[in-house]
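Undergrad: Structural data only, the sequence is not supplied:
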């Protein structure tokens, strides 16, 4: 009985995520090397935010969450907080766990001499691209 419940929960959670990811086509459906690894996706995301390009930065995020992030980034840009936020993102991320198609990375940030760790999750689409599933 417990196995059935776990299986049902997995189907309820994973199928919508994979179907959203599977429908996300960049460059008219062509493979896009900008998203060929979590590290590349993250670097692009950070650089676009530093440039204030929230429209393209949200391409790095899974589609069903991109609109939510876009609204937050738009408010941050309006309040002149976007650049500060982007500068606070660390340059590198480190893989902590993976369960294909999910990849968890750790970001180490520093503020006033204290180190903080944040989690950023990626999902690999059937097309072989990695998009941000959650995180800062």
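TA: Looks like it came in fine. Every value quoted in this text rests on a predicted model; they were computed, and no experiment measured them.

Undergrad: where exactly do the strands run in this protein?
TA: In chain order, the chain shows strands spanning 93-99, 102-111, 114-124, 130-134, with DSSP state E as the criterion.

Undergrad: which residues are contacting the first one?
TA: Defining contact as Cβ atoms under 8 Å, 6 or more residues apart in numbering, one finds that strand 93-99 is touched by 38-39, 42, 103-108, 119-120. Heads up, the C-betas are built off the backbone N, CA and C, glycines and all.

Undergrad: Neighbouring strands - and their directions - for it?
TA: Based on DSSP bridges, the strands next to strand 93-99 in the sheet, each with its direction, are strand 102-111 (antiparallel).

Undergrad: Centre of the chain to the partner strand, how far?
TA: 12 Å (Cα atoms, centre = their mean, to the nearest Å).

Undergrad: Show me which residues of that strand are buried.
TA: Residues of strand 102-111 classed as buried under the neighbour-count rule (16 or more other Cβ atoms under 10 Å) are 103-105, 107.
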